[in-house]
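**Q** with the sequence up front, the predicted model follows.
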Amino acid sequence: QLQLVESGGGLVQPGGSLRLSCAASGFTLDAYAIAWFRQAPGKEREGVSGISSSGRARKYADSVKGRFTISRDNAKNTVDLQMNSLQPEDTGIYYCAAEERKGGVPNLFPYLYDYWGQGTQVTVSS
């Protein structure tokens with residue numbers, strides 16, 4: 001059974017940091033581009049960051065550039081999202097998703113992704 005599981009969410013004060021992790025089971029991630037999406041209450045799901053199957057290409061939403069860093073370890077079958085300088089507008093449920101695609105530049109369109117995790121809550125509040 002193909003499964004993605006997110007972890008690392010929580011409550012953090014503005015300016016703080018969190019590290020999210022996405023672990024895959026039932027398949028190996030090295031043939032998949034991986035992206036992180038988030039959804040705030042009452043808003044559409046938006047792409048945050050993506051990484052190509054090899055890890056050579058990364059993409060970030062303008063709102064997180066310079067603050068978030070995506071990385072992957074194909075040997076461990078995991079993809080992480082390091083989030084620094086968090087702000088209240090970063091609050092939401094964060095999902096990781098996998099698109100079966102080797103190479104190229106990752107995209108941040110949710111409809112292109114084949115597999116999704118159940119999400120982890122990130123709350124930034126004082």
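**A** Yep, it's here. Residues are numbered from 1 along each chain as shown.
**Q** which non-adjacent residue is nearest the residue nearest the centre of the chain?
**A** By CA atoms, centre = their mean, the chain has its centre lying nearest to Trp36, at 2.2 Å. Distance criterion CB to CB, 6 or more residues apart in numbering; nearest residue to Trp36, sequence neighbours excluded, is Val48 at 4.5 Å. Every C-beta, even on glycine, is put in place using the N, C-alpha and C of the backbone.
**Q** could you do Ile34 as well?
**A** Nearest residue to Ile34 in three dimensions, chain neighbours excluded: Val79, at 4.4 Å (CB to CB, 6+ apart).
**Q** thought the one you found was touching Arg58?
**A** No: proximity of Val79 to Arg58 does not meet the contact threshold set by CB atoms under 8 Å, at 10.9 Å.
**Q** quick one on the thing from earlier: which SS class is the residue nearest to Ile34?
**A** strand (DSSP: H, G, I helix; E, B strand; the rest coil).
**Q** ok, it - how many residues close by?
**A** Val79 sits with 29 neighbouring residues when counted by other CB atoms under 10 Å.
**Q** pretty sure the residue nearest to the centre of the chain sits against Ile93.
**A** No: assessed by CB under 8 Å, Trp36 is found out of contact with Ile93, at 11.0 Å.
**Q** roughly how far does Gln121 sit from Gly55?
**A** Gln121 is 27 Å from Gly55, where distance means CB to CB, to the nearest Å.
**Q** comparing those two, which shows the higher neighbour count?
**A** Neighbour tally, Gln121 and Gly55, criterion other CB under 10 Å: the higher count belongs to Gly55, 15 against 12.
**Q** check contacts around the more buried one.
**A** Ser71, Arg72, Asn74 (CB atoms under 8 Å, 6 or more residues apart in numbering).
**Q** and of those residues, the nearest to Leu112?
**A** Arg72 (17.9 Å; CB to CB).
**Q** now the closest one: which helix or strand?
**A** Counting by DSSP states H and E, the element that carries Arg72 is strand 68-73.
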